[in-house]
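Q: Predicted model and sequence follow; I will ask about them next.
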Amino acid sequence: MLVPVKRLAAAKTRLRGAVGAERHEPLVLAMAQDTVAAALAAPGIADVLVVTADPLVSAAVTALGARTVAEPGPESVPGAGSGAGSGAGSGGLNAALRHAAATASTAVVGRIAALPADLPALRGDELSAALSALATAAGGGYVPDASGTGTVLLVAAAGGRLVPRFGPGSAAAHGHAGARRVEGDWPSLRHDVDTPADLAIAVALGVGPHTRALLRAGIAV
Ligand SMILES: Nc1nc2c(ncn2[C@@H]2O[C@H](COP(=O)(O)OP(=O)(O)OP(=O)(O)O)[C@@H](O)[C@H]2O)c(=O)[nH]1
Ligand SMILES: C=C(OP(=O)(O)O)C(=O)O
């Protein structure tokens, strides 16, 4: 399972204001830790590989038991150096995932999948159930977010490459690329956290221990 995490200083701009400015980066990190911990605990996932350029993220997820791969700088990724391809857009995310997938495919047997790191309420059993439902999608598949337009889980075709099309309208883009849309009653998977309102929903679902501890220190949602 590939999990991309942006540099904390640049991450989750739409979530800013949910907590005080000094706790924004710790909150983003805590959400990533809870996402990774849930993926590590999910039955059926052989390996969790976090792709990030942030050393703090690498250290934190390594401590949980995940592997990490360093995200190449924009200057070394064709088409990811400017405009829509920069780290500020989804090009940075998709390029990071392609890089991680290339690393993983040499070491991992089985289907490659990608999961965003903004799922602080994620439950391993719901993630496993979603992966089981996607297992029959030989051409690859995805789970849309709760709004239906974004993507919270992408699985490559059996024996095939991961073709990530994350970004605005990614659900439709993954469908156009041939992935099968699979929706299920997996609230902890389908509610990614982009905004303060999303964070309130995740809190109501029940966030993991890292996010809970961070928010207990002074919640503003
Ligand atoms: N490694 C890596 N991960 C990324 C990059 N961009 C986004 N991500 C991760 O991809 C997932 C989904 O990204 P978004 O929800 O768009 O996150 P974001 O760009 O931090 O959020 P906004 O600033 O609010 O748009 C999160 O886990 C992000 O950390 C990137 O350039 N590199
Ligand atoms: C990157 C994505 O989502 P968001 O920015 O809405 O989390 C996506 O759903 O492809």
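A: Great, that's in hand. Ligands and ions are numbered 1, 2, ... in the order given.

Q: what's the neighbour count on the residue in the chain that ligand 1 sits nearest to?
A: Residue of the chain nearest ligand 1, by Cβ to the nearest ligand atom: residue 92 (2.7 Å). To be clear about C-beta, it is placed using only N, CA and C from the backbone, and glycine gets the same treatment. Around residue 92 there are 25 other residues, counting by other Cβ atoms under 10 Å.

Q: Equivalent analysis for the one 10 residues further on, please.
A: Residue crowding around residue 102 was assessed by other Cβ under 10 Å; the count is 13.

Q: Report the secondary structure state of it.
A: Residue 102 carries the three-state label helix when classified by DSSP: H, G, I helix; E, B strand; the rest coil.

Q: Could I get the buried residue list for whichever strand or helix holds residue 58?
A: Residue 58 belongs to helix 55-64 when assigned by DSSP states H and E. Judged by neighbour count (16 or more other Cβ atoms under 10 Å), helix 55-64 contains these buried residues: 57-58, 60-61, 64.

Q: for the residues you listed, which one is nearest residue 138?
A: residue 61 (30.7 Å; Cβ to Cβ).

Q: isn't that closest one right next to residue 55, touching?
A: No: assessed by Cβ atoms under 8 Å, residue 61 is found out of contact with residue 55, at 11.2 Å.

Q: isn't there a strand covering residue 143?
A: Yes: residue state for residue 143 (three-state DSSP) corresponds to a strand.

Q: Tell me how far it lies from residue 122.
A: 12 Å (Cβ to Cβ, to the nearest Å).

Q: Need the residues touching each of the two.
A: The contact sets of residue 143 and residue 122 overlap at residue 189 (Cβ atoms under 8 Å, 6 or more residues apart in numbering).

Q: So which of the two has more stuff around it?
A: residue 122 (32 against 27).

Q: so how far is ligand 2 from that one?
A: For residue 122, the distance to ligand 2 (Cβ to the nearest ligand atom, to the nearest Å) stands at 14 Å.

Q: Also residue 42?
A: 20 Å.

Q: ok, how many other residues are close to the closest residue in space to that residue that isn't next to it in sequence?
A: The spatial neighbour of residue 42 that comes closest, neighbours along the chain excluded (Cβ to Cβ, 6 or more residues apart in numbering), is residue 124 at 3.6 Å. By other Cβ under 10 Å, the residues close to residue 124 number 17.

Q: Wait, residue 124 touches residue 44, no?
A: No: using Cβ under 8 Å, residue 124 is not in contact with residue 44, being 9.3 Å away.

Q: Dump the helix or strand bottoming out on mean pLDDT in the chain to CSV, keeping only the CA atoms.
A: When each helix and strand of the chain is scored by mean pLDDT, DSSP states H and E, helix 90-107 comes last, with a mean of 84. The C-alpha trace of helix 90-107 is given here as CSV (Å, rounded to 0.1, in the frame of the first residue of the first chain):
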residue,chain,number,x,y,z
SER,A,90,-1.8,17.1,-7.9
GLY,A,91,1.1,16.5,-10.4
GLY,A,92,3.5,16.4,-7.4
LEU,A,93,1.2,13.8,-5.8
ASN,A,94,0.9,11.7,-8.9
ALA,A,95,4.6,11.8,-9.7
ALA,A,96,5.4,10.8,-6.1
LEU,A,97,3.0,7.8,-6.4
ARG,A,98,4.5,6.8,-9.8
HIS,A,99,8.0,6.9,-8.2
ALA,A,100,6.9,4.9,-5.2
ALA,A,101,5.1,2.4,-7.4
ALA,A,102,8.3,1.8,-9.4
THR,A,103,10.2,1.2,-6.2
ALA,A,104,7.5,-1.1,-4.8
SER,A,105,7.1,-3.2,-7.9
THR,A,106,10.6,-4.5,-7.7
ALA,A,107,10.1,-5.6,-4.1
